[in-house]
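Trainee: Please work out how this folds:
(one chain, ligands or ions: 1)
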Amino acid sequence: MFDTLIRNARIITMDDAAPIIDMGCIGIKNGKIAFIGKDEPPMVYNAADIIDARGNIILPGLINTHCHAAMSVLRGYADDYNLNTWLFDKIFPAEGRLTEAAVLSGVRLSAAEMLASGTTSFSDMYFFEPSAARVIEEIGIRASLGNGVTALSDDFDFDTDRGVWETFELIRDWHGAANGRIRADVSIHGEYTSRPDVWEKLASLASKHELVTQIHVSETQGEQLGCIERHGMTPVQILDKYGVFENRVLAAHGCWLTDEDMDILAKRGASVAHNPVSNLKLASGIARVSELLKRDINVSIGTDGCASNNNLDLFEEIKLASLLAKGSSLDPTSLPAYDALKLATVNGAYAQGREDEIGMLKVGYDSDLIMLDVHNPRLQPIYDPISAAVYAANGSDVCLTMVQGRILYKNGEWFSIDIERAFHDIYNVAVPLIINR
Ligand SMILES: [Zn+2]
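Mentor: You can find the predicted model right below:
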């Protein structure tokens, strides 16, 4: 007997063996996919809950591999600046004023936005992450959390630094928690905000606990050139020298990676999180996604924070990734729809170290899935569900979001988030800290 059975769905499995099941069924038991196929299983009428998808599209929950969830409190606060002015003059000072309650209000708002637009798992880099983990456990979304350690001043002390002790706390209290939904990542904010002895220590911590390492890499030309000036090498080369890439690395951006950098990433099995909207908005550059994929580098996708996006709609990112690959190569066959969707599913799962858990709809995988309501002029007619999902849909077409078999969002309603309270907290807890200066 299944806990839930979904019938009459156009299923995009993202399993290369059978990527599409037309008018199929998914049986869910104990949070996992127990059946998936075209014909209804014999025990269909035994399911505790039967959902008629009415021809709607079902696909794996999307995976946002580069995010700063709490930054939704800064949505629209500092638009139209270059990255350095934006980061050092606007964002860092505002972030310095954020209390734990303000950060958590942003995490809650972002979780609500992600669930409503089809994201079921995200990789986060911020501070107050152990407290964010409590919110995430309660909401039921999936997340890989890391405090992006920075060592900007000479008096940085590894043993007392807040980013470092938050990392230890995450590893001790949260790695594998909430039925595996929460993972601790090691996180280095970037080459330009820290230094070699810190990288070495964090690399050995990641290796000891077999953790993914999140890091911003080669986002802007200034970062790339500055690093060459400081170290005589690119960020990838110097980080590799200090052992960072001996672990599974999730490198965000990569707009300015050289061919040699890509060879290192390929050799090390690293992932690159492509953030097309944020990179365009901050005019940082355009990552050479087709080149990365040609070298068999795992490319995933991210939104970055809401201060540089300004939303968390992965459908927008997926479409833009495909369009940028086509437009920058003058080749319309670049990054076709299925490959673009892989960035946000299969590749995202690998980037998070969850390739045996999520990213595909397949027996034995966790039941993290989303449904797109196709009873909408924007999505009609449907010749190919993958084309509909990649080129026509947006996040507001999501009508149901499930994580580990539990429905967290359906038709405008959140079941684990009090949305009125979330809005109230944003305006009463976070916004006054940001504007009253
Ligand atoms: Zn970022």
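Trainee: From the structure, what's the count of residues near residue 367?
Mentor: 27 (other C-beta atoms under 10 Å). C-betas here are computed from N, CA, C, even on glycine.
Trainee: ugh, wrong one, I meant residue 330
Mentor: 7.
Trainee: Would you map the strands across the stretch 151-300 of the chain?
Mentor: Along the stretch 151-300 of the chain, counting by DSSP state E, counting those that start in this stretch, strands occupy 182-184, 186-190, 213-217, 249-253, 271-274, 298-301.
Trainee: okay, these in a markdown table with mean pLDDT, mean neighbour count and distance to residue 94 next?
Mentor: A markdown table is the format used below for the strands of the stretch 151-300 of the chain (pLDDT from 0 to 100; neighbours: other C-beta atoms under 10 Å; distance: least, C-beta to C-beta, whole Å):
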| stretch | mean pLDDT | mean neighbour count | distance to residue 94 |
| --- | --- | --- | --- |
| strand 182-184 | 98 | 26 | 26 |
| strand 186-190 | 97 | 25 | 16 |
| strand 213-217 | 98 | 28 | 18 |
| strand 249-253 | 98 | 28 | 21 |
| strand 271-274 | 98 | 31 | 24 |
| strand 298-301 | 98 | 27 | 26 |
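Trainee: With distance to residue 88 as new columns, can those strands be given to me in CSV?
Mentor: Output for the strands of the stretch 151-300 of the chain, formatted as CSV (distance: least, C-beta to C-beta, whole Å):
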stretch, distance to residue 88
strand 182-184, 28
strand 186-190, 13
strand 213-217, 14
strand 249-253, 17
strand 271-274, 22
strand 298-301, 27
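Trainee: Domain ranges for this structure, per the record?
Mentor: Using automatic domain parsing, the domain parsing of the chain gives 4-60+358-414, 62-351.
Trainee: Lowest mean pLDDT among the helices and strands, pick that one out for this structure.
Mentor: helix 83-84 (a mean of 82; mean pLDDT, DSSP states H and E).
Trainee: ok, then the element right after that one?
Mentor: helix 92-96 (DSSP states H and E).
Trainee: That next one: what's the following helix or strand?
Mentor: Downstream of helix 92-96 (by DSSP H and E), the next one is helix 100-116.
Trainee: in the stretch 151-300 of the chain, which spans are helices?
Mentor: Taking DSSP state H, counting those that start in this stretch as the criterion, the stretch 151-300 of the chain contains helices spanning 162-174, 196-209, 221-231, 235-241, 259-268, 276-281, 289-294.
Trainee: Run through who's touching the least confident helix or strand of the chain.
Mentor: With contacts defined as C-beta atoms under 8 Å, 6 or more residues apart in numbering, helix 83-84 is touched by 219-220, 222, 282, 284.
Trainee: which among the residues you listed end up buried?
Mentor: 219-220, 282, 284 (16 or more other C-beta atoms under 10 Å).
Trainee: re the thing from before, which of the domains of the chain sits closest to residue 428?
Mentor: Closest to residue 428 of these is domain 62-351 (C-beta to C-beta; 8.5 Å).
Trainee: From the chain's centroid, how far away is the closest one?
Mentor: 8 Å (C-alpha atoms, centre = their mean, to the nearest Å).
Trainee: thinking again about what came up before, of all the domains of the chain, which gets the most neighbours per residue?
Mentor: When these are scored by mean count of other C-beta atoms under 10 Å, the highest mean neighbour count falls to domain 62-351 (a mean of 21).
Trainee: Just list whatever residues bridge to the residue nearest the centre of the chain.
Mentor: The chain has residue 64 as the residue nearest its centroid, 1.6 Å off, counting by C-alpha atoms, centre = their mean. Beta-bridge pairing of residue 64 under DSSP bridges involves residue 122.
Trainee: That one: what's it in contact with?
Mentor: 114, 119, 121-123, 301-303, 312, 314, 344, 348.
Trainee: Pick out whichever of those sits closest to residue 334.
Mentor: When those are compared against residue 334 (criterion: C-beta to C-beta), the nearest one is residue 301, at 15.4 Å.
Trainee: Ignoring the adjacent residues along the chain, who's closest to that closest one?
Mentor: Closest residue in space to residue 301, ignoring its immediate chain neighbours: residue 343 at 4.2 Å, by C-beta to C-beta, 6 or more residues apart in numbering.
Trainee: Can you name the residues in contact with stretch 401-411?
Mentor: Residues contacting stretch 401-411 (C-beta under 8 Å, 6+ apart): 3-4, 28-32, 61, 115-116, 118, 120-121, 139-142, 179, 181, 366-371, 398-400, 414-416.
Trainee: For that stretch, measure first residue to last.
Mentor: End-to-end distance for stretch 401-411: 9 Å, by C-alpha to C-alpha, to the nearest Å.
Trainee: quick check: mean pLDDT across that stretch?
Mentor: If you average the pLDDT over stretch 401-411, you get 98.
Trainee: bridging residues for residue 298?
Mentor: residue 271.
Trainee: Use 565 as the first number for this chain going forward.
Mentor: Okay, using 565 as the starting number, the last item reads as residue 862.
Trainee: Please report the distance of it from residue 606.
Mentor: To residue 606, residue 862 is 39 Å away according to C-beta to C-beta, to the nearest Å.
Trainee: again with residue 582
Mentor: Residue 582 is 20 Å from residue 606, by C-beta to C-beta.
Trainee: same thing with residue 782?
Mentor: Residue 782 is 54 Å from residue 606, by C-beta to C-beta.
Trainee: cool, residue 637 as well?
Mentor: For residue 637, the distance to residue 606 - C-beta to C-beta - is 51 Å.
Trainee: what do you get for residue 967?
Mentor: 28 Å.
Trainee: residues contacting residue 885?
Mentor: 838, 840, 853, 865, 899, 904, 907.
Trainee: possible to save these as CSV with distance to residue 753?
Mentor: Shown next, in CSV, are these (distance: C-beta to C-beta, whole Å):
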residue, distance to residue 753
838, 19
840, 21
853, 23
865, 20
899, 29
904, 28
907, 23
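Trainee: now, among these, which is nearest to residue 826?
Mentor: Nearest to residue 826 among those, counting by C-beta to C-beta, is residue 853 at 11.2 Å.
Trainee: so the closest one makes contact with residue 899?
Mentor: Yes - under the criterion of C-beta atoms under 8 Å, residue 853 makes contact with residue 899 at 6.3 Å.
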